[in-house]
Structure formats: structure tokens, C-alpha cells
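Student: kindly generate the corresponding structure for this input.
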Amino acid sequence: MIGFFIALLSGALMSVQGVFNTQVTKSSSIWVANAFVQLTALLVCLGAWLFADRSSFAALFKVEPKYMLLGGAIGAFITYTVIRSMDMLGPARAVMLIVIAQLIVAYVIEILGWFGVEKQPLEWRKVIGMVVAIVGIVIFKWE
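Tutor: This next block holds a predicted model:
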């Protein structure tokens, strides 16, 4: 149950962060804002590491396959695309599309067993759920 609430908090924080970052770009630029976001994230992570973890950074060299270390680089493009989509579509529409894209890609990863994820069988009820979500987006966007 705690995972459910953490996921809700994550979604809420992503939405707020996207709005904040979009507003910051109005006074700077998208790459300056993105760099500041990544820098402040680094500082928060280092602070949390100092007080809560203290595991060795050398463990990163043991990660296999090495492409799994690209999460931070991907994060920079996530921040960029969230800012651009929120600026162009508004927060609600952008987040709806972002979430449905996340859901579809995550499910494809799951059913194909990509990136070390345990392969799961295709379940039609999940596909129907995604179709319902897409229909919801169409209804929400309908003018």
C-alpha cells in the first residue's frame, strides 16, 4: 500500500516540477533551466547520500550492462520534453499525454522483458485499460 502512495506522490511532484521548470525557462532558457534542475538534483542527492546512505560510488562500475548508467542523461531529455510539452499544451494536457506514454512504454517493456525486467504475458484487460485512458484523453481534449 505504501508503494501506491509513493507513486501518487511521485506523479504529483512531477506535475509541480514541470510547472516550476516551465516558469523558470521564461526568465532564462530551456537548457539553463534544465542544467539548474539537474544541478540542484545532484546537490540534493549528495546531501541525502551524506546523511542516509554512504555506500561506495565504486559500485557504479559494477553495473551491467553499462547502458543502464544512462538514466541521468535520459533525465535531462525528460526535463526538456516536459518543459516543452507543458509550455505548448498546458500542464493538464501535457501530463495526460506523458502519463499515457509512460504507461504504454512501461507495458511494452514488461511484456517483451526488455532491460532485465521479468517478462510478463500480455493481458487484454490491461490493453483495454490503456485504450480507456486514451479515450479519456480524447474526451478531456475535446473542445
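Student: residues near residue 95, how many?
Tutor: 19 (other CB atoms under 10 Å). In short, each C-beta sits where N, CA and C put it, glycine included.
Student: equivalent analysis for residue 84, please.
Tutor: Neighbour number of residue 84 under other CB under 10 Å is 14.
Student: just say helix, strand or coil for it.
Tutor: helix (DSSP: H, G, I helix; E, B strand; the rest coil).
Student: quick one, phi psi at residue 56?
Tutor: phi -80, psi 140 (degrees, to the nearest 10).
Student: count residues in the vicinity of it, would you?
Tutor: 9.
Student: ok, now how distant is it from residue 49?
Tutor: Separation of residue 56 from residue 49 (CB to CB, to the nearest Å) stands at 11 Å.
Student: ok, then the element right after the lengthiest helix in the chain?
Tutor: Counting by DSSP state H, the longest helix found in the chain is helix 2-25. Using DSSP states H and E, the helix or strand that directly follows helix 2-25 along the chain is helix 30-48.
Student: and that following helix, how far from the chain's centre?
Tutor: Distance, stretch centre to chain centre, for helix 30-48: 15 Å (CA atoms, centre = their mean, to the nearest Å).
Student: for the chain, give me the ranges with low pLDDT.
Tutor: Along the chain, the model assigns pLDDT under 70 to residues 143.
Student: before we move on, the earlier item: against which helices or strands is the longest helix of the chain packed?
Tutor: The helices and strands touching helix 2-25, judged by 3 or more CB pairs under 8 Å, 6 or more residues apart in numbering; DSSP states H and E, are helix 30-48, helix 71-89, helix 91-112.
Student: what residues sit buried inside the longest one?
Tutor: So that's helix 91-112. Within helix 91-112, the residues scored as buried using 16 or more other CB atoms under 10 Å are 91, 94, 95, 96, 98, 107, 110, 111.
Student: again, but for stretch 14-32
Tutor: Buried, per 16+ other CB under 10 Å, within stretch 14-32: 14, 15, 18, 19, 21, 22, 24, 25, 30.
Student: nearest to residue 124, of these?
Tutor: residue 14 (28.8 Å; CB to CB).
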